[in-house]
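Undergrad: next come a sequence and a model predicted from it.
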Amino acid sequence: MRAGLTSILGSALRGLFSLLRRLRHPRPIHPQGLVLTGQATWIRDAAPSGIGWIDQGPDAPLKVTARLSRGVGLPDALPDVLGLAVRFHAADGEHADVLLATTGIGFPSRFLLVPRRSATGATFGSLLPYRSARGPVLICARSVPVRVLPAELGALRRSIEQRPWRVRLYQAAPTGRWHPFADLVLRPAAVGDSAGLRFDPVGHPLPGSTTYPWVRRLRDPSYRAAQRG
């Protein structure tokens, strides 16, 4: 993708997010969410992606912190773009962050945001690709098995307290089929939502992966504007 075009689009998004941050401080998007905690277990003998962290994975389950939120913060009765942020905690104290939002699952719908009223049956996709030795890689997450999840945060917390939320992670080439690589088991965290909980896929990327320059030009300005302050 042309450098000039992505730089222009990145600057435009930065202006939009800066304006939103003035109106909705400290979170211009995804203002309220449910914080979750749990663990990730890798699926062995999964199809290779070219990213070592995905393909090999740790031998033992990793602790994870996650946040499920509504993008615009519309009333629960209305569809909204839902976000699922996941932080993978390594044994050495480092961590990697992944940001996902509700998208389609096929091609080209996996590159389109899809408003959903709740996470029931939703696909959470990365939209923008990671760079691997085998080429671009997308990530998505889906409930396994599919279950009905309330839209209202209080009811959602109670539902997941009664029965942990099981989520499967997949990887795929931009036009390829999805391949599972890890399973998450999530429960409500003891701590509530906080503006201090910030997920940073730019500063804490997946180990062994890099970002395409055009992705950085498109995403980083708006992301930094949303995080500022």
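TA: Yep, that arrived.
Undergrad: let me see the ranges of the strands in this structure.
TA: Under the criterion DSSP state E, the chain contains strands at 33-42, 62-70, 82-89, 95-103, 123-125, 130-132, 135-143, 165-172, 179-188.
Undergrad: contacting residues around the fourth one?
TA: Identification of contacts with strand 95-103 by Cβ atoms under 8 Å, 6 or more residues apart in numbering yields 53, 71, 81-90, 109-116, 122-127, 139-141, 199-201, 203-207. Using the backbone N, CA and C atoms, a C-beta is placed for each residue, glycine as well.
Undergrad: just the buried ones from the residues you listed?
TA: 53, 71, 81-89, 110, 114, 116, 122-127, 139-141, 199-201, 205-206 (16 or more other Cβ atoms under 10 Å).
Undergrad: which pLDDT value goes with Leu197?
TA: pLDDT, Leu197: 84.
Undergrad: so it touches Leu34, yeah?
TA: No - the pair Leu197 / Leu34 is not scored as a contact, 11.4 Å apart, by Cβ atoms under 8 Å.
Undergrad: which one of the two is surrounded by more residues?
TA: Leu34 (20 against 15; other Cβ atoms under 10 Å).
Undergrad: is that one bridged to anything, and to what?
TA: Judged by DSSP bridges, the bridge partners of Leu34 are Leu68.
Undergrad: next one: Val86
TA: Ala66, Val98.
Undergrad: contacts only, for it.
TA: 40, 64-66, 97-98, 100, 141, 184, 199.
Undergrad: thinking again about what came up before, dump the strands of the chain to TSV, plus distance to Ala151 and mean pLDDT.
TA: Output for those, formatted as TSV (distance: least, Cβ to Cβ, whole Å; pLDDT from 0 to 100):
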stretch	distance to Ala151	mean pLDDT
strand 33-42	11	96
strand 62-70	8	95
strand 82-89	9	96
strand 95-103	12	95
strand 123-125	15	98
strand 130-132	30	91
strand 135-143	14	96
strand 165-172	14	98
strand 179-188	16	97
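Undergrad: with respect to Ala155, which of the ones you listed lies nearest?
TA: strand 33-42 (10.4 Å; Cβ to Cβ).
Undergrad: for that closest one, packing partners?
TA: strand 62-70, strand 82-89, helix 153-162, strand 179-188 (3 or more Cβ pairs under 8 Å, 6 or more residues apart in numbering; DSSP states H and E).
Undergrad: picking up where we left off before, anything in contact with each of Leu197 and Leu34?
TA: Joint contacts of Leu197 and Leu34 (Cβ under 8 Å, 6+ apart) are Arg67.
Undergrad: just to revisit the earlier point, most neighbours among the contacts of Val86, which one is it?
TA: Counting by other Cβ under 10 Å, top hit in the contacts of Val86: Ala66 with 26 neighbours.
Undergrad: shouldn't that one be in contact with Gly83?
TA: No - if you go by Cβ under 8 Å, Ala66 and Gly83 don't touch, sitting 10.3 Å apart.
Undergrad: pipe the strands of the chain into a markdown table and attach distance to Gly154 per row.
TA: Listed next are those as a markdown table, based on distance: least, Cβ to Cβ, whole Å:
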| stretch | distance to Gly154 |
| --- | --- |
| strand 33-42 | 9 |
| strand 62-70 | 13 |
| strand 82-89 | 16 |
| strand 95-103 | 21 |
| strand 123-125 | 21 |
| strand 130-132 | 35 |
| strand 135-143 | 20 |
| strand 165-172 | 15 |
| strand 179-188 | 11 |
